[in-house]
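Novice: Take a look and give me a structure for this.
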Amino acid sequence: MTNPSTPNVWAEHSVYTQDPQFPRALASGVTTIQVLPGSANLIGGRSVVLKVVPSRTVQGMKFPGAKYGLKHACGENPKRVYASRGPSTRMGNVAGWRGQYLQAEQYRRRWDKWLVDRKGDPPARDLAMETLAEVLRGNILVQWHCYSMNDMEGAMEVADEFGFQIKSFHHGVEAYKIADVLARKGISASLWSDWGGFKIEAMDGVRANLALVHNAGARAIVHSDDASGMQRLNQDAVKSMAEARTLGINVTEDEAIRWLTANPAWAVGLEDRIGTLEPGKNADVVLWSGTPFSIYSRAEKVWIDGAMLFDRLDLSQRWRSDFELGFVPDGRGGR
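Specialist: The predicted structure follows:
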């Protein structure tokens, strides 16, 4: 929270590999995650895609060959954080993004020309502009924190002006209001099922948001930025499925499972490697005790790249982080 635009920072440099939430995510059937910077800034920095595997280093967890994402945010968060020292209005938000991408466009052109000509010394490197230039080249995928319809509209205008694609709007409490636009522009929506009402821009939340986005033909994704919610993505999905039925929308289990698998794989640019069970893809497989769309079902076994990394029946093989040294589970919920 030091500057409205910090594309020079990378989330991987703040990942704590001993975080006890990693083994909890794995035990909940999560095999791949995208870690993003926070949402105080108009441009918050690079995200990183990780395999949920034990490692002493973040480099050992990184998904090989995955593209970086870039976190953008809009609305009340940057307005509040920079109220007295930066863009404190929605007009200021949009002007801030445009100003940064104008600089990045000039930076990219200088570097692209030098890379072709190789005449003289290369241009001076700028870590912030380097990241934004990679967005303009299509090599970094934009992930945009937005709640309200008008904020998403402003973000899409900026993306159209500078010729880059938004991969996903995160939180998107009002995504259902422009679901057809998201479908037409090929933008996914990473959503909760029923969070809303906790601040002004979240007041128009509806429980069928995921289903309405899906029904309009856009890619719906169940997401979480909450330690507990991350362990119950499957239960979050079924809440929206149930709400959809009250509106006469029938979302099948085959369709809803894509909210947890194929669609998020697409949003991080990895749909050719994960997200569905097909020959040639990574063997990331979860064996559930029953339908994942039941609160009584649990992930029994989890394989990542073909290696079994979690077996609910084998306590001796549980991933234990140093953070929890001294805690000895007895298999019955005690210690």
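
Novice: C-alpha from now on. contacts and neighbour counts both.
Specialist: Noted.

Novice: can you give me phi and psi for the closest residue to residue 312 other than its chain neighbours?
Specialist: Using CA to CA, 6 or more residues apart in numbering and skipping the chain neighbours, the partner closest in space to residue 312 is residue 300 (5.2 Å). Residue 300 adopts backbone torsions of phi -90, psi -40, taken as degrees, to the nearest 10.

Novice: what does the one 4 residues further on give?
Specialist: In terms of degrees, to the nearest 10, the main-chain angles of residue 304 are phi -130, psi 130.

Novice: just the one 3 residues further on next, same as before
Specialist: With angles defined as degrees, to the nearest 10, residue 307 shows backbone torsions of phi -100, psi 130.

Novice: Relative to residue 29, how far out is it?
Specialist: 14 Å (CA to CA, to the nearest Å).

Novice: Check residue 151 too.
Specialist: Distance check for residue 151 against residue 29: by CA to CA, it reads 33 Å.

Novice: What residues does residue 86 make contact with?
Specialist: residue 4 (CA atoms under 8 Å, 6 or more residues apart in numbering).

Novice: can I assume it sits in a helix?
Specialist: No - assessed by DSSP: H, G, I helix; E, B strand; the rest coil, residue 86 does not belong to a helix; its assignment is coil.

Novice: Against residue 96, how distant is it?
Specialist: 9 Å.

Novice: same check, this time on residue 138
Specialist: Per CA to CA, residue 138 is found 21 Å from residue 96.

Novice: So for these two, which sits in the more crowded spot?
Specialist: More crowded of residue 138 and residue 96, by other CA atoms under 10 Å: residue 96, with 17 against 14.

Novice: which element is that one on?
Specialist: Using DSSP states H and E, residue 96 falls within helix 90-117.

Novice: tell me what that helix is packed against?
Specialist: Counting by 3 or more CA pairs under 8 Å, 6 or more residues apart in numbering; DSSP states H and E, the packing neighbours recorded for helix 90-117 are helix 76-81, helix 127-136, helix 149-162.

Novice: Have a look at residue 307 and residue 29 and say which one is more surrounded.
Specialist: Counted by other CA under 10 Å, residue 307 and residue 29 do not tie: residue 29 has more neighbours, with 27 against 11.

Novice: doesn't residue 286 make contact with the more buried one?
Specialist: Yes - assessed by CA atoms under 8 Å, residue 29 is found in contact with residue 286 at 5.9 Å.

Novice: anything in contact with each of those two?
Specialist: With CA under 8 Å, 6+ apart as the test, residue 29 and residue 286 both reach 299, 302.

Novice: Kindly check the end-to-end length of stretch 79-97 for me.
Specialist: Terminal residues of stretch 79-97 are spaced 13 Å apart (CA to CA).

Novice: tell me which residues in that stretch are buried?
Specialist: For stretch 79-97, the buried set under the neighbour-count rule, 16 or more other CA atoms under 10 Å, comprises 79, 81-82, 86-90, 93-94, 96-97.

Novice: now stretch 42-60
Specialist: Buried residues in stretch 42-60, defined by neighbour count with 16+ other CA under 10 Å: 42-54, 58.

Novice: what's the farthest-apart pair in the residues you listed?
Specialist: Pairwise distances across the buried residues of stretch 42-60 (CA to CA) peak at 32.7 Å, for the pair 42 and 54.

Novice: Verify the contact between residue 144 and residue 168 for me.
Specialist: Yes - between residue 144 and residue 168 there is a contact under CA under 8 Å: 6.2 Å.

Novice: picking that back up, closest one to residue 114 among the helices and strands packed on helix 90-117?
Specialist: Nearest to residue 114 among these is helix 127-136; the distance by CA to CA comes to 14.2 Å.

Novice: need the next SSE after that closest one, C-terminal direction.
Specialist: Later in the chain than helix 127-136, the nearest helix or strand by DSSP H and E is strand 141-146.

Novice: Show residues contacting that following strand.
Specialist: With contact meaning CA under 8 Å, 6+ apart, strand 141-146 is reached by 39, 67-75, 135, 152, 165-173, 268-269.

Novice: what's the angle between the longest strand anywhere in the chain and strand 141-146?
Specialist: The strand that spans the most residues within the chain, counting by DSSP state E, is strand 43-51. Strand 43-51 and strand 141-146 are oriented at 120 degrees to each other (axes from the mean of the first three to the mean of the last three CA atoms, to 10 degrees).

Novice: what's the angle from strand 43-51 to helix 127-136?
Specialist: Here strand 43-51 runs at an angle of 70 degrees relative to helix 127-136 (the same axes, to 10 degrees).

Novice: For this protein, which segments count as strands?
Specialist: 32-35, 43-51, 69-73, 141-146, 166-171, 188-191, 220-222, 285-288, 299-304, 307-311.

Novice: Out of those, which is closest to residue 127?
Specialist: Minimum separation from residue 127 across the strands of the chain (CA to CA) falls at strand 43-51, 10.7 Å.
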